[in-house]
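[1] Coordinates for the following, if possible.
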Amino acid sequence: MTLDLTLLPSTFAVSRLAPNAPIPAWATTAPIFSVTRTIEELSIVAPEATVPADVRAERGWRALKIAGPIDFALTGVLASVLQPLAEAHIGIFAISTFDTDYILVRSEAVGAAIAALRAAGHKVRD
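    Okay, the predicted model is just below:
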């Protein structure tokens with residue numbers, strides 16, 4: 001399976017708040033963000049520049065967007081991207097939406113990630 005991916009220009013942060021915390025205004029102001037609440041945490045992915053310095057966060061992530069929409073019946077989409085990244089020892093953070101998937105990699109690994117994805121036959125626009 002060959003996929004088209006685009007490297008987004010922003011650098012992102014993955015933040016963790018208390019599970020009962022209200023969703024902060026800064027979390028929803030950017031054109032791209034993700035908010036997930038579980039019984040253990042409130043997890044927010046947003047552009048790094050929008051996340052206050054005092055918020056617990058892993059900063060310095062870049063996002064690769066898989067071109068969509070992806071049919072729900074299609075299998076192996078994430079596996080086809082994650083396998084070459086795993087073989088290159090590149091850790092990821094994934095976000096799925098109704099239409100597509102986003103793969104976040106550390107900023108310092110983005111060049112190696114793009115090279116690994118291209119070697120696996122994917123098209124990556126950076």
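
[2] How about the residue sitting furthest away from the middle of the chain: what's its closest non-neighbour residue?
    Ranked by distance from the centre of the chain (C-alpha atoms, centre = their mean), the top residue is Asn20, with 23.7 Å. Sequence neighbours aside, Leu42 is the residue nearest to Asn20 in space, at 7.9 Å (criterion: C-beta to C-beta, 6 or more residues apart in numbering). C-beta coordinates here come from the backbone N, C-alpha and C atoms, glycine included.

[3] next one: Ala18
    Leu42 (6.6 Å).

[4] List phi and psi for that neighbour.
    Main-chain dihedrals, Leu42, degrees, to the nearest 10: phi -110, psi 110.

[5] and it, what is it in contact with?
    By C-beta atoms under 8 Å, 6 or more residues apart in numbering, the contact set of Leu42 is Arg16, Leu17, Ala18, Pro19, Asn20, Ala21, Ile23, Val35, Thr36.

[6] redo that, cut-off 6 Å
    Leu17, Pro19, Ala21 (C-beta atoms under 6 Å, 6 or more residues apart in numbering).

[7] how close does the nearest residue to Ser43 once chain neighbours are set aside get to Ser15?
    Excluding the flanking residues, the one nearest Ser43 by C-beta to C-beta, 6+ apart is Thr36, at 4.7 Å. From Thr36 over to Ser15 the distance is 11 Å, taken as C-beta to C-beta, to the nearest Å.

[8] Looking at these two, which is more packed in?
    Ser15 (24 against 10; other C-beta atoms under 10 Å).

[9] Show me which residues of the helix or strand encompassing the more buried one are buried.
    Per DSSP states H and E, Ser15 falls inside strand 4-17. Of all the residues in strand 4-17, those buried under the rule 16 or more other C-beta atoms under 10 Å are Leu5, Leu8, Ser10, Thr11, Phe12, Ala13, Val14, Ser15, Leu17.
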